[in-house]
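Asker: Take this sequence and fold it.
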Amino acid sequence: MSNILDRIDSPDDLRLLARGDLPGLAAELRQRIIDTVSRTGGHLAPSLGVVELTIALHYTFNTPRDLLVWDVGHQAYAHKLLTGRRDRFSTLRQAGGLSGFPKREESVYDTFDVGHSSTSISAALGMVLAHERRGEDDRRVVAVIGDGSLTAGLAFEAMNHAGALDRNLIVVLNDNEMSISANVGALSGYLNRLMTGETVNRFRHDVKSVLTHIPAVGNNIFKMVKRAEGTFKNFMVPLGTLFEDLGFQYVGPLPGHELGDLVDTFRNLQKLEGPILVHVITRKGKGYRPAEERPEKFHGIGPFDITTGAVDKKKNAPLSYTEVFGRTLARLAVDDERLVGITAAMPAGTGMEILARDFPERVYDVGIAEQHGVTLAAGMATQGMKPFVAIYSTFMQRAFDQVVHDVCLQRLPVVLCLDRGGLVGEDGPTHHGMFDLSYLRLIPDLVIMAPKDENEFQHLLKTALHLDGPAAIRYPRGSGLGVELDQTWRCLPVGSWEVLADGAAGAVLAVGSVVAPALAAARRLAAEDPARAFTVVNCRFVKPLDGKLLDRLLAEMPFLLTVEENTIAGGFGSAVAEYVARRPGGRGTRVTLHGLPDRFVEHAPLAQLRRRYALDEEGIYRRLLEELSGEADDGRNPS
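Answerer: Just a heads-up that it's a prediction; the model follows:
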């Protein structure tokens, strides 16, 4: 059997294939993606859904001179395989291997670094305008955006601008949420080949030329003809109205797994001018039955068994922080009707679906619209509700102004629940939640919490529910520590820390996910030599600090080491250093910051990253030894 994929080292090789070879190539791409992701984990269903679309784009456009801009980028695995990375594809999402998302430093075919949604149209329009300034008007730019990403305001801001500018930009809307029957798909494919064909468009151009030259009334007549053309198309395809009102010529819907229709349409589009939106219908998980049947499960997945689709899970693994969050919220909601949940297109990923099972009318999924979600919560809070807004730490960055202006400025009792706080592993720099303590700490009146384990998490959620102002809780990805879960919860005093171990060699002030390894490291040192016993503090409140305890430690300890899974720039350690600097008499006790470096952290398995940046037990143990020997590096971590 001929292996077509192994002959493809670049899109130039792809364009040498006969059209009849393309379906076979699609099958090989799917199998390679399934085989690889079953071992490495990754975004399987999105990538399987766009295999034919990816082939057609590279087959018809002259990449890399023509530019493809992927939105989010989790669907770009076939793109990577076709653009010279086939032999390295087995390293996907592994340390030192290929990123799970497009990265400009990885390939000339990756035109824009992505990982967050809804950026593609803005970036693509910027590229079009840059080409215009450089006299490169012959270059085409194509943005590929999913229907989910189109729910974000940024996408519509870009479309509004692009439509007004009337430049040559192609936007491919990859719609995998709706389905069309076979006959509609066939008719749609025929209509789009017809409507984008050279004869029809030459006729359209000639009509425009004649009508607009009629004195006084020509432009008005042309507009009437355009409306008539739009009426016919919208009778066949009603969704086109929205995009054409934004200034885009609408083409679609197009069956996204029919290579012939895709190739013909994309070739015809290159002869057209102005902004064009191509609506393509795809099926998420296409070609792998478990992913087709459960696309949400296979959206982002760990290693799995190809035959059954079963995920490789550790037996008797503790509950994840996400599960504990959802269960705790559901119980709190029983006794407090004010509690409502808000999430941004991640009900399963954030655990909000657990609350929704018991109280579906009290959970609001706003789509990929974090800004709207936070201000929605603020509005509900003004009317007596207690909104819990569950958004991944990295995505909460998108709503920073709303947190400041709409929530905290008004001191509204909104609870920001930042899942995936800290390192996340294989998804890399676009997804690490390593900045939240820094960007939240600077906001007045915001209480910031981080639990040391899943049991304390329950108590902090109850505490947040009963606060009169805004609060944020950040918690890590993955399983808890397996500690026993209390069935009765209490409100913890705001700003209170917890001493976990006593010693006179120094004090370790640890936050959240690094409390457990810091405690283990300190106990190891104390077991080796009682004179090296450290005081270990669980700093569960990052803001406000426990000033009373901190003053005592500064008076008694030779040094303090702050430990956090956050950038050391502006994080918890900086808060402690600022506190010390403001004390009467200035600094006395040495304060050293230990956390993530002031740079973007690469992708790798989570355990490897924590080991690399000395945030596991062994790394903290060695750091304490350095402090004792006077060889500390003033907060710098391995680069």
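Asker: Grab the most central residue of the chain for me.
Answerer: By Cα atoms, centre = their mean, the chain has its centre lying nearest to His116, at 4.4 Å.
Asker: I'd say that one and Thr394 touch.
Answerer: Yes. Contact status for His116 versus Thr394: in contact at 7.3 Å, counting by Cβ atoms under 8 Å. For glycine as for every other residue, the C-beta is placed from the backbone atoms N, C-alpha and C.
Asker: hmm, back to that, separation between the closest residue to the residue nearest to the centre of the chain other than its chain neighbours and Gly100?
Answerer: Nearest residue to His116 in three dimensions, chain neighbours excluded: Thr430, at 6.2 Å (Cβ to Cβ, 6 or more residues apart in numbering). Using Cβ to Cβ, to the nearest Å, Thr430 is found at 9 Å from Gly100.
Asker: Could you check which of those two has the larger neighbour count?
Answerer: Gly100 (28 against 20; other Cβ atoms under 10 Å).
Asker: Tell me where the stretch 501-639 of the chain has strands.
Answerer: Assigned by DSSP state E, counting those that start in this stretch, the strands in the stretch 501-639 of the chain fall at 507-510, 535-538, 541-543, 559-567, 590-596.
Asker: same check, this time on the stretch 251-400 of the chain
Answerer: 276-281, 339-343, 363-365, 386-392.
Asker: Would you convert those strands into CSV that also reports distance to Leu628 and mean pLDDT?
Answerer: Output for those, formatted as CSV (distance: least, Cβ to Cβ, whole Å; pLDDT from 0 to 100):
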stretch, distance to Leu628, mean pLDDT
strand 276-281, 62, 94
strand 339-343, 46, 97
strand 363-365, 50, 96
strand 386-392, 38, 98
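Asker: Any chance of JSON lines for those strands, columns distance to Leu44?
Answerer: JSON lines is the format used below for these (distance: least, Cβ to Cβ, whole Å):
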{"stretch": "strand 276-281", "distance to Leu44": "19"}
{"stretch": "strand 339-343", "distance to Leu44": "22"}
{"stretch": "strand 363-365", "distance to Leu44": "22"}
{"stretch": "strand 386-392", "distance to Leu44": "19"}
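Asker: Put together CSV for these, with mean neighbour count on each row.
Answerer: Converted to CSV, these look like this (neighbours: other Cβ atoms under 10 Å):
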stretch, mean neighbour count
strand 276-281, 24
strand 339-343, 25
strand 363-365, 19
strand 386-392, 26
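Asker: Please settle this for me: is the residue nearest to the centre of the chain part of a helix?
Answerer: No. Counting by DSSP: H, G, I helix; E, B strand; the rest coil, His116 is not part of a helix but coil.
Asker: overlap in contacts of His116 and Thr394?
Answerer: Taking Cβ atoms under 8 Å, 6 or more residues apart in numbering as the contact rule, His116 and Thr394 both touch Thr430.
Asker: worst-scoring helix or strand of this protein, pLDDT-wise?
Answerer: Ranking every helix and strand in the chain by mean pLDDT, DSSP states H and E puts helix 182-195 at the bottom, with a mean of 43.
Asker: Mind listing residues that contact stretch 279-299?
Answerer: 27, 30, 34, 43-46, 48-53, 74, 172-176, 178-180, 185, 237, 239-240, 243, 250-257, 262, 308-309, 348.
Asker: Endpoints of that stretch, how far apart?
Answerer: 21 Å (Cα to Cα, to the nearest Å).
Asker: how near is the residue nearest to the centre of the chain to Leu561?
Answerer: Taking Cβ to Cβ, one finds His116 at 33 Å from Leu561.
Asker: With Ala162 instead?
Answerer: 52 Å.
Asker: More neighbours: which of those two?
Answerer: Neighbour count, other Cβ under 10 Å: between Ala162 and Leu561, Leu561 has more, with 28 against 25.
Asker: For Ile473, see how far away the more buried one is.
Answerer: 24 Å.
Asker: And Asp113, by the same measure?
Answerer: 29 Å.
Asker: Pick out whichever of those two has more residues nearby.
Answerer: Ile473 (25 against 18).
Asker: Run through the residues that contact that one.
Answerer: Counted by Cβ under 8 Å, 6+ apart, Ile473 has contacts 415-418, 448-451, 457, 460-461, 464.
Asker: any idea whether it is helix, strand or coil?
Answerer: strand.
Asker: Find the nearest non-adjacent residue to it, please.
Answerer: Met449 (4.8 Å).
Asker: what's across from the one you found in the sheet?
Answerer: Ile473, Phe541 (DSSP bridges).
Asker: shouldn't it be in contact with Ala471?
Answerer: Yes. Between Met449 and Ala471 there is a contact under Cβ under 8 Å: 6.8 Å.
Asker: what touches both of these two?
Answerer: Counting by Cβ under 8 Å, 6+ apart, the residues touching both Met449 and Ala471 are 463-464.
Asker: Now do the same for the residue nearest to the centre of the chain: its pLDDT.
Answerer: Turning to His116, the model gives it a pLDDT of 89.
Asker: Ramachandran angles for it?
Answerer: Torsion angles at His116 (phi, psi; degrees, to the nearest 10) stand at phi -100, psi 160.
Asker: if I pick Glu426, what's in contact with it?
Answerer: 40-42, 93-94, 100, 603-606.
Asker: Mind doing that once more with 6 Å?
Answerer: 93, 603 (Cβ atoms under 6 Å, 6 or more residues apart in numbering).
Asker: Checking it next. Helix, strand or coil?
Answerer: coil.
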